[in-house]
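Next come a sequence and a model predicted from it.
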Amino acid sequence: MYQMKRRGLAAGFAALATVSLIGTGSALAADYVAKIGHLESAQQSRHVMLEKVAKLVSERTDGAVEFQIFPQGQLGQQREMTEGVQLGSLEATVAPAAFLGGFNPAVSILDIPYLLPEDDAAAQKIRGGEFGKQLCETFNSRGVHCVGLWPNGRKNFTSNKSLDDIADFSGQKFRVMDSNILIEQFNALGASAIALPFGELYTALQTGVVDGEENPLDTIRAMKFYEVQKNVLLSNHGAMEDVILFSPMWWNNLPAEYQTVITDTFEEVIPELIAHKAAGVASALEEIKASGTNVRELGEEEKAALREAMYPAARKAYLDRAGDEGAALMKTYEKQ
């Protein structure tokens, strides 16, 4: 019996050693290893597609480039990860544009409501065209390299008060991310905006500190906001865009062909990313409706009226803050 136990232990150690050697061999096989941090869970679209990109890039570089993906803030909050990429202590991050306005005011153009059309192909033409390229280039002077933009859904409104008419926004308090553009968006509707940390939002809604908020449906579902909100308004008013940032210290050491592979692969998977996100949104909508929450979809005329109310104020707030760089970016957007 003792010898059998010894043999079992020996076999176990041998297996562990083999796993360790395989892991070490895999790490050593890659000439360029990049840790990529982000905030979403492993089940959400951003992470799923990052894993897909990692697999494709590894295959297309014959294992020379390895991406290690760290979800759900494992490598820090977004500010810490962005600063890590800037300093070179982290190779890359995929960050919501709304979290980067303090770092790069020009990117806050993406906070403007109804900036990107709802049609996926039309939105991708803007995202992947001259506007997207120019927006990426604004990050160069901030010590990071932007590879591209990724779509990550669209925001909708929720509230404990009526949202049966645009006039119903007046007097309500909405939570926003810390963005002047988003604050002006609500001011234009006669509502007030309160910047609160995301982690405090559920309790703030539950206790009435704020009446409502704005987020994509899959986020509303994941965070259970519908449990403490009576109404959901399907407005699709704000595009949630991700910015793919790499450390120049890591990026500039790559052979040009590997840089091309990475850039092209991130762009190539966008249709699959959109489809994955859409499936998550559809599932979230079913769950929210089943909970008994009142769900109302805006018609095209109401969306046009909402845009007419919010867009000019948000545009002005952006231009006041982003200066000449923002004005040039807005000019590119508006000539398309």
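Thanks, I have the structure now.

if we look at the helix or strand where residue 221 lies, which residues are touching it?
Residue 221 belongs to helix 217-222 when assigned by DSSP states H and E. Applying CB atoms under 8 Å, 6 or more residues apart in numbering, the contact partners of helix 217-222 are 41, 44-45, 153, 156, 158, 225-226, 229, 232, 234, 277, 280-281, 283-285, 287-288. No exception for glycine: its C-beta is placed from N, CA and C like everyone else's.

Please enumerate the strands of the stretch 201-336 of the chain.
212-215, 231-246, 294-297 (DSSP state E, counting those that start in this stretch).

between those strands, which one is nearest to residue 77?
strand 231-246 (14.9 Å; CB to CB).

So for stretch 117-130, what gets flagged as buried?
In terms of neighbour count (16 or more other CB atoms under 10 Å), stretch 117-130 has its buried residues at 120, 123, 124, 125, 126, 127.

now what about that stretch, what contacts it?
Contacts of stretch 117-130 (CB under 8 Å, 6+ apart): 116, 132, 148-149, 151, 154, 236, 239, 241, 267, 270, 274, 332-333, 336.

and that stretch, how far from the chain's centre?
Centroid separation between stretch 117-130 and its chain, computed with CA atoms, centre = their mean, to the nearest Å, is 16 Å.

Just the buried residues of the contacts of helix 217-222.
By 16+ other CB under 10 Å, the contacts of helix 217-222 give 44-45, 153, 156, 158, 225-226, 229, 232, 234, 277, 280-281, 284-285, 288 as buried.

about what we covered before: buried stuff in the helix holding residue 221?
Quick answer for helix 217-222 (16+ other CB under 10 Å): 217, 218, 219, 220, 221, 222.

Same list, those, but as a markdown table with distance to residue 257 please.
Output for the buried residues of helix 217-222, formatted as a markdown table (distance: CB to CB, whole Å):
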| residue | distance to residue 257 |
| --- | --- |
| 217 | 40 |
| 218 | 36 |
| 219 | 37 |
| 220 | 42 |
| 221 | 41 |
| 222 | 38 |
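
Measure how the longest helix along the chain sits relative to strand 231-246, angle-wise.
Secondary structure assigned by DSSP state H gives helix 300-334 as the longest helix of the chain. Note on geometry: by axes from the mean of the first three to the mean of the last three CA atoms, to 10 degrees, helix 300-334 and strand 231-246 are set 20 degrees apart in direction.

ok, and for helix 300-334, which residues are buried?
So helix 300-334, judged by 16+ other CB under 10 Å, has buried residues 303, 306-307, 309-311, 313-315, 317-318, 322, 325-326, 329-330, 332-333.

Also stretch 251-271?
Within stretch 251-271, the residues scored as buried using 16+ other CB under 10 Å are 251, 254, 258, 259, 261, 262, 265, 266, 267, 269, 270.

Now do it: everything it contacts.
32, 49, 52-53, 56-57, 60-61, 64-65, 124, 128, 145, 147-148, 150-151, 244.

Quick check: mean pLDDT of it?
What stretch 251-271 shows for mean pLDDT is 98.

Stretch 222-236 now?
Rounded mean pLDDT across stretch 222-236 is 96.

now that stretch, how far from the centre of its chain.
19 Å.

With stretch 324-336 instead?
For stretch 324-336 - counting by CA atoms, centre = their mean - the centre lies 22 Å from the chain centre.
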